[in-house]
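Novice: Below: sequence and its predicted model.
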Amino acid sequence: PPAAPGPEPQPAPGATPPQAPPLISRAAAELVGTAALVTVVVGSGIQATELTQDVGLQLLANSLATVFGLGVLITLLGPVSGAHFNPAVTLAEWWTARRGGPGVTLREVAVYVPAQVVGAIAGAVLADAMFGEPLVKWSTHDRSAGHLLLGEVVATAGLILLIFGLARTDRLRFAPVAVASYIGAAYWFTSSTSFANPAVTVGRAFSDTFAGIAPGSVPAFVGMQLVGAVVGLALVALVFMRGRSAE
């Protein structure tokens, strides 16, 4: 008898599902997913600072919570929207679609990106509310140093290389574990603790806590993240160059 069909491969960041749900559902998934991600990042940062004064332990707690939270969110919402939660990923997917690959349209970009930014701000406000912090208090955590900006280029380039490399090699089913693991590692090996996400960067400016970023540092961080996305796409094209078919 024929073998039973295996499970359907799950879409993940960088890959919109072949039979996409309605755009309003996808926008809601991006908003809710980004909000939940920022709630995890900011909330775990607040909790960590309340439990210990050791900065290393604070970063460890913050990064572990982010790893687990991100993996769960990608697994849950990947089949709906592709679980981008990140304008850099959405724009990179749009660029690859322009060049003949699968991806989002410009209209979808115009819906996804605002949903991600609004979700990120809502997530920061929710985290502040849960821990009795002012709902909106601009962060005073300056992150304008040049080495931190370089860290954002590296972090974002690596993220784009990972996501679109998995897509090129038909291994997106590993994205929930791979992407979450990469972000967890990048918390530690990049000087900036790997924001790697313009929407999350904006959201974290609304919370004057461990995970915050001063509003004045946001434009440079976002700019370097976009540069990193371009570098990542260039690396994808170089490393995963398609070979010529034999004649």
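Specialist: Okay, I see it. Numbers count the residues shown, from 1 in each chain.
Novice: Please count neighbours and contacts with C-alpha atoms only from this point.
Specialist: Fine.
Novice: mind listing what's buried in stretch 164-178?
Specialist: Buried residues in stretch 164-178, counted by 16 or more other C-alpha atoms under 10 Å: 164-168, 171-178.
Novice: typed the wrong thing, it's stretch 92-105
Specialist: Per 16+ other C-alpha under 10 Å, stretch 92-105 contains these buried residues: 92-96, 102-105.
Novice: farthest pair in the buried residues of stretch 164-178?
Specialist: The most widely separated members of the buried residues of stretch 164-178 are Arg168 and Val177, with 17.2 Å between them, by C-alpha to C-alpha.
Novice: in the strand or helix carrying Ala127, what's buried?
Specialist: Under the criterion of DSSP states H and E, Ala127 resides in helix 106-130. Along helix 106-130, these residues count as buried under the neighbour rule (16+ other C-alpha under 10 Å): 109, 111-128.
Novice: what sits against Gln225?
Specialist: The neighbourhood of Gln225, defined by C-alpha atoms under 8 Å, 6 or more residues apart in numbering, consists of 88, 152-153, 156-157, 196-198.
Novice: quick one: average pLDDT of the lengthiest helix in the chain?
Specialist: Determined from DSSP state H, the single longest helix within the chain is helix 23-51. Per-region confidence: helix 23-51 scores 97 on mean pLDDT.
Novice: Can you name the next helix or strand after that helix?
Specialist: Downstream of helix 23-51 (by DSSP H and E), the next one is helix 55-81.
Novice: What is that following helix packed up against?
Specialist: Counting contacts by 3 or more C-alpha pairs under 8 Å, 6 or more residues apart in numbering; DSSP states H and E, helix 55-81 is packed against helix 23-51, helix 175-189.
Novice: Reformat these as TSV; add distance to Thr140.
Specialist: Listed next are these as TSV, based on distance: least, C-alpha to C-alpha, whole Å:
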stretch	distance to Thr140
helix 23-51	14
helix 175-189	20
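Novice: gap between the lowest-mean-pLDDT helix or strand in the chain and the chain center?
Specialist: Here the helix or strand of the chain ranked lowest by mean pLDDT, DSSP states H and E is helix 87-98, holding a mean of 94. Computed by C-alpha atoms, centre = their mean, to the nearest Å, the chain-centroid distance of helix 87-98 equals 13 Å.
Novice: contacts for that helix?
Specialist: Helix 87-98 has contacts (C-alpha under 8 Å, 6+ apart) with 13-15, 84, 102-106, 109, 112-113, 116, 160, 197-199, 225-226, 229-230, 233.
Novice: Please, which helix or strand holds Arg143?
Specialist: Going by DSSP H and E, Arg143 is not in any helix or strand.
Novice: what number of residues lie near the closest residue in space to it that isn't next to it in sequence?
Specialist: Spatial nearest neighbour of Arg143, excluding adjacent residues (C-alpha to C-alpha, 6 or more residues apart in numbering): Ser217 at 5.6 Å. Other residues near Ser217 come to 20 when the count uses other C-alpha atoms under 10 Å.
Novice: I figured Ser217 hits Thr140, correct?
Specialist: No. When contacts are counted by C-alpha atoms under 8 Å, Ser217 is not listed as touching Thr140 (9.7 Å).
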